[in-house]
Structure formats: C-alpha cells, structure tokens
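1. What would the 3D arrangement of this be:
(2 chains)
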2 protein chains.
Amino acid sequence: MLSTGFNVVGFNWMSSPAATKLESMVMDWLGKMLKLPKSFLVSGNSDGVLQGSTYEAILIGRENIGKLVVYESDQSHCALQKAAQIAGIFLNNFVSLRRSLRSAIQADIRARLIPLFLCATVGTISSTTVDPIAPLCTVAKEYGVRVHVDAAYVGSACICPEFRHFIDWVEDADSFSFIAHKWFFTTLDCCCLWVKDPSTFVKALSTSPNKATESKQVIDYKDWQIALSCRFRAMKLWMVLWSYGVANLRNFLRTHVKMAKHFEEKVTTDKRFEIVVPRNFVMACFRLLPPPVKDHEDETLRQPSELERANEINCKLLESINSAGCIYMTHAVFGGVYMIRFAVGASPTEDRHLNLAWKVVQENAEAIIKAC
Amino acid sequence: MLSTGFNVVGFNWMSSPAATKLESMVMDWLGKMLKLPKSFLVSGNSDGVLQGSTYEAILIGRENIGKLVVYESDQSHCALQKAAQIAGIFLNNFVSLRRSLRSAIQADIRARLIPLFLCATVGTISSTTVDPIAPLCTVAKEYGVRVHVDAAYVGSACICPEFRHFIDWVEDADSFSFIAHKWFFTTLDCCCLWVKDPSTFVKALSTSPNKATESKQVIDYKDWQIALSCRFRAMKLWMVLWSYGVANLRNFLRTHVKMAKHFEEKVTTDKRFEIVVPRNFVMACFRLLPPPVKDHEDETLRQPSELERANEINCKLLESINSAGCIYMTHAVFGGVYMIRFAVGASPTEDRHLNLAWKVVQENAEAIIKAC
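-> Here you go, the predicted structure:
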C-alpha cells in the first residue's frame, strides 16, 4: 500500500529519472523471467512500460479511420471493444471472430476496408482458454495486421517453465501484456506491456518534447501512455519482485494452480456437477446439472429446454452462494452455457478456503435440488 | 500514501458499492464547497467523478470525425492536444485561438467543418491567466459547441469566497474540472470532474451492463472513464477533506497565495527584475532584465535583439538556480518572452523557503550579470 502511494510528479523524465529507471529495470527483469524474445527487451533496443489497464495504449492511424478493422477472438474481454470505441474504430469494423481469421480479413479487403489490428488472448477472462498464437500471427503478418498478445489474467504464470509454452511464438507478435494486479500480487493498477517498436507510441502520444527527450538518451514514459503524468507504478512491481524473489513467486503461482486443480477434482467426483471448460490455470468453470423433470408439471405450457433449465438453476445457485457472504464467485456464459467460475489467485488463499468454498457450493446446490 | 494504496477491485458498482458511494459523496461535498451550480450536483441529478488527468474523458462523435473542430485558448496546456489526438481529431482541426472564437467558428462552418468542443482555461499552466468564461460560453452555445472549463491548477482556490469569482458563469459550461493533486494536497492522480449530463459518458464508454447498472439506481464509474477498472481515488480526497476541514483548507490556500504575493513584492522591489505576467494565484512569473550592452563587442557580427538577450540570460539563470539543487523552478514562454516561474503549493512550504528561494535567485542573477 505504501509503495502504491509513493508520489512522483511524473510529468516528464527530468521530474524523476529514478522512477523511469526503475520502471525500465523491473520491466526488463520481468521480461527475462518470462523469457520474452530480445526484440521486447532493453538488449534488443526496446523496453517495457507499466499501464493502468491492458488497452490504454492502442494506437491508430487517422486518415482512413472509418475503414480500419480490429479483430478479436469471440472470447476476448470487453476491454478491447471499449479501447476500439475510444480510438474511434467504427462499431461495424470491430470483429469478434467466429470463423477463420484469413477468411475474415479477405472479406474485409474485398469490401475495401483496411485490416489493422488483431488481439490474441492467452487465458481469456471468461474461461482462461488460449488462442493459437502461431497460426494467428502467420496470417496477420501476411496481411500487415499488427498483433497484440493479451495474457492479462494468466501471463504471470509464464515465469514458470512448465507454463511458458502458452506464450510460445510471442516473438511473432508486435506487443505482449499481462496484468500484475490480477495474479501477480500488486494492487490496482499495474499492467505490464512490452512492445517491439516503442517509437510508435512516441509518434502518436508525444507532447512538449524537451532537451532530455530529444537527446534520445532517456525514456519519457509520459509519451507511452494516455494519461499526461506518470505515477510510480514500478515501485509496486519492484516490491513484489524484491519481497518474494523469483523462486518463491514461481512456487506461489504453482500452489494456486494446484489448489484450482484440487477444486476441479472435487467437482469431477460429484456426479451432480460437471466441468464446462477444461481448466488451464487457476480457474475452474463448472455447473450443476439440472435434476430430472418431475412428471406432474403442467404439460399444456411450453417446457423449458434442458439448457434453459440448467442455466436457470446455475444462476440461482450462484446467487445463493454469494448471498451467504462468506465466499464470492462469478459467472460467464460460454457457448450459451451459464457456468460458475471458481478462481484462486489472492495471496492469502489456502486449502481451507478451498474446502470451505466447495462445502458452500454443495450445501447450496442441495437446497436448490430439493426445491426443484 | 496509505489511502492511495487502498485497493478496490473496481470493475463495476457491485464489486465495491462503498467506493462508488464515497466518490459520489466527496465530489458532492467538494462541489458545494466550490458553490457549483445545481446542474453539476447530485441535487440536480448529476454527479462528479474522479479521473486520472484532466482530459482522460473527452468524448467524441464518430461519423464525421474528420470534420470535427476543437478550440482552445492559445495558453492552454498541451494535455488538450494530446486528448484530441487520441480521440482522433485531425491535427488541422485543432485550433489554438489567436483571434475571436466567433470568427474562428464562422470560418470553420464556411469550410464545412463541424465546431465541436471548446476548452476554456481558468488559471493556465504557463502563467495562471484566466479565459473570459461568460462571453466564450455565449458564443459557444449559439453554435452548439460543448464547453469544458479547465481550472486544473487553481480550481481548488475557488473554495475561498474571495476567489470564487474566477469561475463565475461556470453554470453556462457543460463540464468543469480541477486537479486535486496539483494544489489540493492529494497524491497523483486525482482530477475532479463535474458534468451536467453524465449519460454522455455512459453512451460512449459503457461495457457489459449488469443488473445493478441497468436499474439506474447506481453509478458505474467504470463507464465514466477510459480505464476499465476504477481505483479508490475517493479515499485520497476524503482524507484531505476529513483531516483539514473546509476552514483550514481555505486558510491553507490563502497562506500560499500570500506567500506568492510576498515573493512577487520582493521581485518588484529589485530593479534588476520584472514581473512578466500579473500574478492571480500562487505563481509569480518574472525575469531578469538584461544588463546594458558593453561597447567593446564585435560590431561586425549581427547583434542579438534585446528580447533574444533577455531570453538567453533568463534561460542561463534558471539553469544555474536549479543546478544548485536546493530549489527547483520552471519556465514558460509567454508571447515570446522567456520567464521564470516561482510556484507555491506544496503543504510544507513556509516563509523561510520563500526567503531562501529569493536569495538563491538574487545570488545566481548577480553572478550572471557579472559574467556578462
């Protein structure tokens, strides 16, 4: 908390060289922990930057703004849509891919539009599924489309060798980010962003250059973000790295994954439930299966489908779980299926919380089944 | 510092009703302290919101983006230009007014452009001069141009009755803001923004509405800002209001103004210096007058003008003042004149700092005059 509150009048490099240096340093350390390619690191003449949230720095052209097209997977977070909206991308030109990227791009070109930007997601917010980075980047490159790899939720886990493969081929992308305030133990807001070509930031966002900036010897992080003044976000990230150390951080993240796996196993062994989406990281997506329909229901009315009944019952279950006030879960709708999401990731979570959570789920489910 | 670091997972109203309530409450208290018109307050069905920086929430149309024109006074901060740039306003359509607003608007309409937005500044960052709000609003209203009154630097002083007149006629504007982290004792970042019609925010920035939002019983501040998640900025502002109280805050601000006035008097009594722009609030803008030209200079070379000599000597003076490392001043160029800016505003500033500052200025000036 103290490091978050540490104030710096960050209106340019001169106003606090230390803040800039620390930001550049911790981002490079973290980039190395993630084994990011050289093209994202200081050694490759690039640099990382801390942002408030994932999409605060989408950069766009001007002249043909009505023709620019932005693509995302149909599981992407609404954040991208908000960013595209603010950047002025026409709503019709914001494409949630439900077919192949190549055929979408080709159709847009035929319609005289300009494919601009693709956001590939590693660990979607709804179900932590993973987009196939390699083939997406291949197609995008062919058509000159910029690619951002968004690992907002789960990118931190990639500091563990056994999870690094989820961001293989990130070197084919133009930028990569994950959010440290999700599952890397900093407070809001701390999004870690690496880019291959930071000069695009400066071109789009620079204001009032000064002697120091013009020397190109220093970074003016104010020109790498939307807000005019920089806060000292690096301090938060440094605190996390310094107080845990890499080995402990890896173990910490692994413990969380193990807990989520443990919870998933509990769900699997109870035949009244099912896992909706296979778990990759720390989120189990499950639902209660609806009990068989009773005979004495009024057959003159339209009967709800199996899916409708399941969705309704799980919506009720989530409400009753949360209203108890001792645990809090969220939901997502995946391919029409309403599912409940159990997520591990806060530093104080222990096995006993997980056992309690499962007990609460079972008790509430029992009450709902009885009332059916 | 602690209140800055207080973490809230602010991804919607539900995630922390307290954070929203406090933000709405402190902004309403502050609005009343500033005697803002009812149309900006809760009682007038509106509300205030805390932003990171002044221009993070400029909202624009889409269809005719290439035709939209944004106006500012020629003394406005570069922040507006950055905001307009990000919002996609064409560079040619960003107008720094050097003639009357009416004639600029009329010329743009003749050129088939669409006048959109005017930013009027109360207390410009370069010299704390004040734009004439009333006549600007009258003209803007006639042509349907939205007006924002930016009192970023000095708005806080308007909680004192004797300074309130600087924002008279603010009720004719569409929005008003000042930055609490400039001269209202919070840490970065805390910009206080009031708007007459917050529904324009929601229309432009809303994502994933939920039951609570749709009920229109609550505010989803995430839809009033660029970033996706809200931080608990209200806590910082509440700490300031709670720990000082209105009466003390007023006295505090007045003391700062008195100190700046005192510094200005010192400058005025030393004939080697002059005040460049009359002081309104806490910033004295002064310069050293260049000593007479010595005879023995080489007359075959082009001699620098009086203004060039003055600018050069004051640039040198500022560098030598700052390189001493005990005080820090900044500069601005006003109508071609390079001036040094002395600003009071930090909570620990006392008379002794001010006396020291003036001593440092005099000593460095003496050395420079001797070396001429």
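2. quick one, strands of the stretch 151-300 of chain A?
-> A:175-179, A:191-195, A:273-277, A:283-288 (DSSP state E, counting those that start in this stretch).
3. Out of those strands, which gets nearest to A:Ser305?
-> Among those, strand A:283-288 comes nearest to A:Ser305, with 14.9 Å by CB to CB. To be clear about C-beta, it is placed using only N, CA and C from the backbone, and glycine gets the same treatment.
4. Can you give the contact residues for that closest one?
-> Residues from elsewhere that reach strand A:283-288 (CB atoms under 8 Å, 6 or more residues apart in numbering or on different chains): A:127-128, A:260, A:263-264, A:267, A:272-277, A:279, A:310, A:313-314, A:317, A:332, A:334, A:337-344, A:365, A:368-369.
5. Can you flag the buried ones in those residues?
-> A:127-128, A:260, A:263-264, A:267, A:273, A:276-277, A:279, A:310, A:313-314, A:317, A:332, A:334, A:337-344, A:365, A:368 (16 or more other CB atoms under 10 Å in any protein chain shown).
6. follow-up on the earlier one: output the strands of the stretch 151-300 of chain A as CSV; include the columns distance to B:Lys203 and mean pLDDT.
-> Shown next, in CSV, are those (distance: least, CB to CB, whole Å; pLDDT from 0 to 100):
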stretch, distance to B:Lys203, mean pLDDT
strand A:175-179, 27, 91
strand A:191-195, 26, 89
strand A:273-277, 34, 96
strand A:283-288, 32, 96
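7. Mind putting those strands into a markdown table with distance to A:Phe6?
-> Below are these laid out as a markdown table (distance: least, CB to CB, whole Å):
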| stretch | distance to A:Phe6 |
| --- | --- |
| strand A:175-179 | 20 |
| strand A:191-195 | 18 |
| strand A:273-277 | 40 |
| strand A:283-288 | 32 |
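8. Out of these, flag the one nearest B:Met27.
-> If we rank those by CB to CB, the stretch that ends up nearest is strand A:191-195, at 26.1 Å.
9. Give me the neighbour count for the residue of the stretch 201-350 of chain A found nearest chain B.
-> The stretch 201-350 of chain A approaches chain B most closely through A:Thr207 (4.1 Å), counting by CB to the nearest CB. By other CB atoms under 10 Å in any protein chain shown, 18 other residues sit near A:Thr207.
10. Give me the spatial nearest neighbour of it, chain neighbours excluded.
-> B:Cys78 (4.1 Å; CB to CB, 6 or more residues apart in numbering or on different chains).
11. for the strands of the stretch 151-300 of chain A, which one sits closest to B:Ala134?
-> strand A:191-195 (42.6 Å).
12. Now for chain A: which helix has the highest residue count?
-> helix A:246-269 (DSSP state H).
13. these two touch, right, the residue of the stretch 201-350 of chain A closest to chain B and B:Leu80?
-> No - using CB atoms under 8 Å, A:Thr207 and B:Leu80 do not qualify as a contacting pair, with a distance of 9.8 Å.
14. what's near enough to touch A:Tyr338?
-> Going by CB under 8 Å, 6+ apart, the list of residues near A:Tyr338 reads A:287, A:310-311, A:314-315, A:331.
15. In a markdown table, list the residues you listed along with secondary structure.
-> Output for those, formatted as a markdown table (DSSP: H, G, I helix; E, B strand; the rest coil):
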| residue | secondary structure |
| --- | --- |
| A:Arg287 | strand |
| A:Ala310 | helix |
| A:Asn311 | helix |
| A:Asn314 | helix |
| A:Cys315 | helix |
| A:His331 | strand |
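16. Report the two of the residues you listed separated the most.
-> Across the contacts of A:Tyr338, no pair lies farther apart than A:Ala310 and A:His331, at 12.6 Å, counting by CB to CB.
17. what about A:Ala107, how many residues close to it?
-> Neighbours of A:Ala107 using other CB under 10 Å come to 14.
18. Can you tell me how far it is from chain B?
-> Using CB to the nearest CB, to the nearest Å, A:Ala107 is found at 22 Å from chain B.
19. Give the closest residue to the residue positioned nearest the centre of chain A in space, chain neighbours not counted.
-> Nearest to the geometric centre of chain A sits A:Ala152, at 2.5 Å (CA atoms, centre = their mean). Take A:Ala152 and drop its neighbours on the chain: the residue closest to it by CB to CB, 6+ apart is A:Ile179, 4.6 Å away.
20. That neighbour: neighbour count?
-> A:Ile179 has 27 neighbouring residues, counting by other CB under 10 Å.
21. Was I right to think it contacts A:Cys191?
-> Yes - under the criterion of CB under 8 Å, A:Ile179 makes contact with A:Cys191 at 4.8 Å.
22. give me phi/psi at A:Ala332?
-> Dihedral angles of A:Ala332 (phi, psi; degrees, to the nearest 10) stand at phi -150, psi 160.
23. For it, give me its contacts.
-> Contacts of A:Ala332 (CB under 8 Å, 6+ apart): A:125-127, A:285, A:339, A:341.
24. Let me see the contact set for the residue nearest to A:Ile133 when sequence neighbours are not counted.
-> Here the nearest residue to A:Ile133 in space, its sequence neighbours aside, is A:Trp169; by CB to CB, 6+ apart that works out to 4.7 Å. Neighbouring residues of A:Trp169 by CB under 8 Å, 6+ apart: A:133-134, A:137.
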